[in-house]
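Trainee: quick one, fold the following:
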Amino acid sequence: MLRRRVLAACTATVAVGVLALAGLTGTASADPSPRVPAAGADHLSPGLLKAMQRDLGLTEAQARKRIGNESRAAAVAAGLRDSLGTGFAGASVGAGTAELTVATTDAADTGRIAEAGARAVVVGHSLAELTSAKAALDRVALRKAPEDVPAWYVDVRTNRVVVQAGRSSAADTFLAAAGVARDLVTVTQSAGQPRTFADLRGGDAYYMNGSGRCSIGFPVRRGTQSGFVSAGHCGTPGVSTSGYNQQAQGSFQGSTFPGRDYSWVATNTGWTPRPLVNGYGNGDVTVTGSTEALEGSSVCRSGSTTGWHCGTVQQRNSSVTYQEGTVSGVTRTNVCAEPGDSGGSFVSGSQAQGVTSGGSGNCSQGGTTYFQPVNPALQAYGLTLVTSGTPTDPPTDPPTEPGGSWAAGTTYTAGDVVTYGSGRYRCLQGHQAQPGWTPPNVPALWQSV
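Mentor: Prediction:
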């Protein structure tokens, strides 16, 4: 049994990303374009340009032009913010033209704004006043999250603090607690509930009631409910789970151990099931099915303690006795594993095989590991494996190979010799090479010569 007890608190900091313009100073000029370069416009990521074309309906040339115009507008706005002082009320650009609009509370500033090449708008509240009101709301929320108020923000285009709320009474309570004047605020109806997003992926860590750690086997669905299968000894029905990022994840719905060693966890809507197994630096593996591999077949395991390790199927339909009792119907392998890898994914090629149960040895000296086949777990709980048989879900970020004759997708027979990097390796067992099954990573299949 390879469940790991957590002896010390292990936390993962989740940062909320913000996009900010900082360090842009200077005064605005009457004709800013020649003096303010389009920062980075000539060195844009191809992926960024493609995303802009896809999501904003732009050509590549239009995307480059837009970024350049927005970069110059940001620099001009920064200069005006400094020169206008307390009257500055924010700046924005038009979605299609990147035309700069600058707001001020002082009508005398409009000439200066126009000279800088921007459109001037006179408003009733300065940016500092609106920002101060939002800060008061933030302080209240830090003490206690407001009920039925999912979001609030400063909107410089409308010169208001916008509070989104499911009920107007909830917004009124929030504003009163913060002492924010109602004439600064626009309340909008919102039934949405913001949430963090994360993927369910085989091999990733999860935690049980804060008292132990296991690994995800495979993402699954039961009807519209998403979740994952794992080892039965990791938890009993009702035990709550949190993800690798320590965010609330779900709870065990079914669990069998001993006798068999499988379980399934239903997850909340913040977790999206993906047909992937974490390759831990070797490129994620896309799962396309769950056809059982024969004895002697290559098999690899992903787990949150030791990552990615491979070997071969020794015997199927084995029985093993742990301290807690006997488990039958498991598959014996010569893949190593360690505490915390429990529940993690076993795959052969792109086919899901099972979830890590237990064994002996470790990944320093080698050992024997048993996995609970996945198909009986799916049948027991009426689950459907999340798979993808199309190239739209390729392995993510495959590593750059160091060179040599070894190649993924090639079928090797015992005795074949390949080169990989600066080393030479002899094939010990026939197999079809998969991404990440490089000779240094799979000593059960390759021997250095």
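
Trainee: how close does G79 sit to P150?
Mentor: Relative to P150, G79 is positioned 36 Å away (Cβ to Cβ, to the nearest Å). (Glycine included, C-beta is placed from N, CA and C.)

Trainee: ok, V229 next?
Mentor: Distance of V229 to P150, computed by Cβ to Cβ: 33 Å.

Trainee: residues contacting G227?
Mentor: 200, 219-221, 250, 253, 264-267, 273, 383 (Cβ atoms under 8 Å, 6 or more residues apart in numbering).

Trainee: and D109, that's in a strand?
Mentor: No - membership of D109 in a strand is not supported by DSSP: H, G, I helix; E, B strand; the rest coil, which gives helix.

Trainee: for stretch 262-269, list every residue counted as buried.
Mentor: 262-267 (16 or more other Cβ atoms under 10 Å).

Trainee: residue with max distance from the center of the chain?
Mentor: The centre of the chain is farthest from one residue, A108, which by Cα atoms, centre = their mean lies 49.2 Å away.

Trainee: hmm, back to that, so for V229 and P150, which residue has more residues nearby?
Mentor: V229 (29 against 17; other Cβ atoms under 10 Å).

Trainee: what lines up beside the helix or strand hosting the more buried one in the sheet?
Mentor: Here V229 sits within strand 225-230, counting by DSSP states H and E. Note on strand 225-230: by DSSP bridges, its sheet partners are strand 218-222 (antiparallel), strand 262-267 (antiparallel).

Trainee: surely E295 and S318 touch.
Mentor: No - using Cβ atoms under 8 Å, E295 is not in contact with S318, being 10.7 Å away.

Trainee: between the two, which one's more packed in?
Mentor: More neighbours surround S318 than the other of E295 and S318, with 16 against 11 (other Cβ under 10 Å).

Trainee: and the gap between the spatially closest residue to G179 that is not a sequence neighbour and E147?
Mentor: With sequence-adjacent residues excluded and distances taken as Cβ to Cβ, 6 or more residues apart in numbering, G179 is closest to A136, at 6.1 Å. A136 sits at a distance of 18 Å from E147 (criterion: Cβ to Cβ).

Trainee: so which of those two has more stuff around it?
Mentor: Counted by other Cβ under 10 Å, A136 and E147 do not tie: A136 has more neighbours, with 15 against 11.

Trainee: give me phi/psi at that one?
Mentor: phi -70, psi -40 (degrees, to the nearest 10).

Trainee: test my guess that it contacts A178.
Mentor: Yes - using Cβ under 8 Å, A136 is in contact with A178, at 4.2 Å.

Trainee: tell me which element the closest residue to L127 other than its chain neighbours is part of?
Mentor: The shortest distance from L127 to any non-neighbouring residue, by Cβ to Cβ, 6+ apart, is to G90 (4.7 Å). Secondary structure from DSSP H and E places G90 in strand 88-93.

Trainee: over to D138?
Mentor: According to DSSP H and E, D138 maps onto helix 127-143.

Trainee: do you know how far the residue nearest in space to the middle of the chain is from M52?
Mentor: Ranked by distance to the mean C-alpha position of the chain (Cα atoms, centre = their mean), the top residue is A198 at 4.4 Å. Distance, A198 to M52, using Cβ to Cβ: 25 Å.

Trainee: where do the strands sit along the stretch 201-350 of the chain?
Mentor: For the stretch 201-350 of the chain, applying DSSP state E, counting those that start in this stretch gives strands covering 205-208, 212-215, 218-222, 225-230, 240-243, 248-256, 262-267, 271-277, 285-286, 298-303, 307-322, 325-333, 345-348.

Trainee: tilt between the longest one and strand 271-277?
Mentor: Relative orientation of strand 307-322 versus strand 271-277 (axes from the mean of the first three to the mean of the last three Cα atoms, to 10 degrees): 90 degrees.

Trainee: for strand 307-322, what is the distance to the chain centroid?
Mentor: Counting by Cα atoms, centre = their mean, to the nearest Å, strand 307-322 is centred 30 Å from the centre of its parent chain.

Trainee: which of the residues in that strand are buried?
Mentor: 307-314, 316, 318, 320, 322.

Trainee: let me know the closest of those residues to N362.
Mentor: Distances from N362 to these, taken as Cβ to Cβ, are shortest for H309 (10.7 Å).

Trainee: I figured the closest one hits G361, correct?
Mentor: No - with contact defined as Cβ under 8 Å, H309 does not reach G361; the gap is 11.4 Å.

Trainee: quickly list what's touching both of those two.
Mentor: Shared contacts of H309 and G361, defined by Cβ under 8 Å, 6+ apart, comprise C336.

Trainee: picking up where we left off before, any idea what the residue nearest to the centre of the chain is bridged to?
Mentor: Beta-bridge partners of A198, as defined by DSSP bridges: W271.

Trainee: no further queries at this time; thank you.
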